[in-house]
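**Student:** Quick one: sequence and predicted model below, then my questions.
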Amino acid sequence: MNFFDTHAHLNAEQFDGSLVDVIARAREESVSRINVVGTTLSDSLRAVQIAEDFDGVYATVGIQPNYVSDAGSGDFDSIIELADRPDVIAVGETGMDRYWDRAPIELQREFFCKHVELSLRVGKPFVVHMRNCGDDIVDVFNSFIDRKPLNGVMHSFTGDECLAEKCIEFGLHISFAGMLTYKKSDDLRRVAATIPMDRLLIETDCPYLSPHPHRSHRPNEPALIRHTAACLAEQFGVSIEKMADVTTSNALRLFGLD
């Protein structure tokens, strides 16, 4: 049994000085692969460095929507250069966010489109952050309808069944994080049960979203991903071993590692 943590922020300051131990604990819990995701240029550079330093660790590079207003004039050009690196398996995280409202929505949309274009150009999937803006996300996907199917993932999905269906129609995968395990997440678990198994992924989004029963564990880390996998397996009536195999196989295929 092997898990693939498809979205982790091991480049966060919470892991400064502890990466060797964090990755060792992940290996002990059968986490064989980890995708470290960038949110800014400096964050992306750090993700690439970590991927180069550890076997089975990969990088995703991009500028997250909450940081697009802070991006320098040449930052996205640098992301374009990083996207061609061999340890980089995806572009992002990108997307849109109306919850925090830290950047004008039109600027978020502009950067989102640029990330999708880059993804198509380099032949690597894009990773989508979405919060309180499902219609905006679908609108951007519709602008690429002539290039459907798209190759990407809705990370830490919290949308409804309708949004999930639309994303799947566009060719995307749906990834679930620790929020799936929370006692009040009945609606999200019902949505998860409707996702085709060949589109399912799991992630920690660490250092955030520690899963039940370890919500007090700070920071969250890849070693805890089995709890999300077990919860997802329960929704489908399969073993955790089966869910590990399915989600790892899906991730390997999505990221071109199979």
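**Tutor:** Right, received. Where do you want to start? Model, not experiment: these values are computed from the prediction. Numbering: from 1, shown residues only.
**Student:** How are the strands of this structure distributed by residue range?
**Tutor:** Taking DSSP state E as the criterion, the chain carries its strands at 3-8, 31-37, 57-61, 88-97, 126-131, 152-154, 173-176, 200-202.
**Student:** gap between the residue found closest to Asp87 once you drop the neighbours it is linked to in the chain and Ser143?
**Tutor:** If the residues on either side of it in the chain are set aside, Asp87 comes closest to Ala51, at 3.9 Å by Cβ to Cβ, 6 or more residues apart in numbering. C-beta here means a position set from N, CA and C on the backbone, and glycine is covered the same way. Distance, Ala51 to Ser143, using Cβ to Cβ, to the nearest Å: 31 Å.
**Student:** now do Phe76
**Tutor:** Separation of Phe76 from Ser143 (Cβ to Cβ): 18 Å.
**Student:** Ile79 too?
**Tutor:** 20 Å.
**Student:** Which one's more surrounded, these two?
**Tutor:** Shown here are Ile79 and Ser143; by other Cβ atoms under 10 Å, Ile79 has more neighbours (26 against 13).
**Student:** Can you name the residues that contact that one?
**Tutor:** By Cβ atoms under 8 Å, 6 or more residues apart in numbering, the contact set of Ile79 is Leu41, Ser44, Val61, Gly62, Ile63, Val91, Leu118.
**Student:** measure it to Glu241 for me?
**Tutor:** Plainly put, Ile79 is 37 Å away from Glu241 if you go by Cβ to Cβ.
**Student:** In contact with Gly159, which residues are there?
**Tutor:** Shown in contact with Gly159 (Cβ under 8 Å, 6+ apart): Met130, Gly134, Cys167, Val191.
**Student:** want to try a markdown table for those, with pLDDT as columns?
**Tutor:** Formatted as a markdown table, those follow (pLDDT from 0 to 100):
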| residue | pLDDT |
| --- | --- |
| Met130 | 97 |
| Gly134 | 96 |
| Cys167 | 98 |
| Val191 | 98 |
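**Student:** tell me which of the residues you listed is nearest to Asn220?
**Tutor:** Met130 (19.7 Å; Cβ to Cβ).
**Student:** For burial, what's the neighbour tally of that closest one?
**Tutor:** By the criterion of other Cβ under 10 Å, Met130 has 26 neighbours.
**Student:** Could you measure from it over to Val122?
**Tutor:** 22 Å.
**Student:** next one: Asp16
**Tutor:** As for Asp16, its distance to Val122 is 30 Å (criterion: Cβ to Cβ).
**Student:** dump the residue contacts of the residue lying closest to Lys124 once chain neighbours are set aside.
**Tutor:** Nearest non-adjacent residue to Lys124, counting by Cβ to Cβ, 6+ apart: Ala90, 5.3 Å away. Residues near Ala90 by Cβ under 8 Å, 6+ apart: Asn35, Val37, Thr60, Ser119, Lys124, Pro125, Phe126, Val127, Val153, Phe255.
**Student:** can you pull out the helices in the stretch 151-258 of the chain?
**Tutor:** Assigned by DSSP state H, counting those that start in this stretch, the stretch 151-258 of the chain shows helices spanning 161-169, 186-192, 225-236, 240-254.
**Student:** Tell me the helices and strands packed up against the shortest one.
**Tutor:** So that's helix 186-192. With contacts defined as 3 or more Cβ pairs under 8 Å, 6 or more residues apart in numbering; DSSP states H and E, the packing partners of helix 186-192 are helix 161-169, strand 173-176, helix 225-236.
**Student:** taking the ones you listed together, which one is wrapped up most tightly?
**Tutor:** Comparing those by mean neighbour count (mean count of other Cβ atoms under 10 Å), strand 173-176 ranks first with a mean of 26.
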